[in-house]
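A.B. asks: From the sequence below, what's the structure:
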Amino acid sequence: MQIKDLGEFGVIDLLTRMVIDWRAGSGNSQSFSFNLTVDNGDDTAAWSPGPSGTGRVNELFTTDTMVEGVHFTRETTPWLDLGWKSLASNISDVASMGGLPTYALVTLGLPSETEVSDLESLYKGMLQISNDYGLAIVGGDMVRSPVVFITVALTGVMRGQPMVRTGARPGDLVAVTGHLGSSGGGLKLMLERTSEAGEAADFLRESHRRPRPAVAVGQSLVESGITTAMDVSDGMADDLSKLCRASGVSGKIFTDRLPVHPFLRDWFPEGCVDLALGGGEDYVLLFTGPPAKVNHVVASLSGGAAVVGEISVGTPGQITVVDALGNEVAASNRGWDHFGPAQD
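C.D. replies: Numbering: from 1, shown residues only. I've put the predicted structure just below:
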């Protein structure tokens, strides 16, 4: 058997089981009274340096990698925007837990022919988003590589218990904090219509190249009593599937409720729903909770926040997409899977 037979999330499940089953206790953290509060399988790990309680501080830790030819090309993502985006994905993980980003370590893999001016542009993009979101780059590593890759390890902090993927319950509503599909639309636009100009085209390109993680919104969800959330990075349908699988439930998405930006609908009237379901890299937050609470929270948010589905009893991780006429179809292979079969 090869890892392509398991798919990315099967590989993650395999390694998570190994890590937990082979772990020899809590290790050195006991000496400093650190308590692991979120283990493998969520957007970040979390631990607390003090006793349990709603007022305790939780420290967060996450990492993500971008590889040339897999996550980006130089034709669609300039160096400046690549720097921004390489940190944005990690910041979004921290946002999904309800935290603030603090310190980053950056590992670069670069061909030796890389122009110094390109490297400077890359770091300028990193520093721009770092300053916008209040974090600091404090170190890293560098290696020679046949293609460009960037790995960021990011810490974060929050007061109280992080939001996690494991708390969805049958009867909960599913909501998102912003528009879906704009990043995928931007990529599609750049690949198919490279010379397009205008406000709508600029918006879609910017959505793909310079996503804005929902840090403040994540904090507001925690303050509102939301306990279950994650970010939309691999596509709405796949990410809801991950959340439902972690919670042991299934879910439905109603396509006529998906918050699609008018610019995306104008450019891709036939494909905007598929982009909203599977485009990925939107970095809005997906959350669940009791109907009254979710409706109240959505009403307090702006920028495309919407209730888009519901949680139900069923096969863990199974997602059903329901169209405007009530037709149902299983949502499968819509989002990003590193080791899964190639998608058209």
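A.B. asks: ok, which stretches of the chain are helices?
C.D. replies: Along the chain, the segments classed as helices by DSSP state H run 3-22, 79-97, 116-133, 182-192, 199-209, 215-223, 236-247, 262-267, 272-278, 291-300.
A.B. asks: now, of those, which is deepest in the fold?
C.D. replies: For the helices of the chain, the largest average neighbour count (mean count of other CB atoms under 10 Å) is found in helix 79-97, namely a mean of 26. All C-beta spots, glycine's among them, are computed from the backbone N, C-alpha and C.
A.B. asks: what is the rounded mean pLDDT of that one?
C.D. replies: In this model, helix 79-97 carries a mean pLDDT of 97.
A.B. asks: Between helix 116-133 and that helix, find me the angle.
C.D. replies: Here helix 79-97 runs at an angle of 30 degrees relative to helix 116-133 (axes from the mean of the first three to the mean of the last three CA atoms, to 10 degrees).
A.B. asks: which secondary structure elements does helix 79-97 contact?
C.D. replies: Where contact means 3 or more CB pairs under 8 Å, 6 or more residues apart in numbering; DSSP states H and E, helix 79-97 is packed against strand 57-67, strand 100-110, helix 116-133, strand 149-159, helix 199-209, helix 215-223, strand 228-231.
A.B. asks: Make JSON lines from these and add mean pLDDT and distance to residue 316 to it.
C.D. replies: Below are the helices and strands packed on helix 79-97 laid out as JSON lines (pLDDT from 0 to 100; distance: least, CB to CB, whole Å):
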{"stretch": "strand 57-67", "mean pLDDT": "95", "distance to residue 316": "24"}
{"stretch": "strand 100-110", "mean pLDDT": "98", "distance to residue 316": "31"}
{"stretch": "helix 116-133", "mean pLDDT": "98", "distance to residue 316": "34"}
{"stretch": "strand 149-159", "mean pLDDT": "97", "distance to residue 316": "28"}
{"stretch": "helix 199-209", "mean pLDDT": "96", "distance to residue 316": "32"}
{"stretch": "helix 215-223", "mean pLDDT": "97", "distance to residue 316": "23"}
{"stretch": "strand 228-231", "mean pLDDT": "98", "distance to residue 316": "14"}
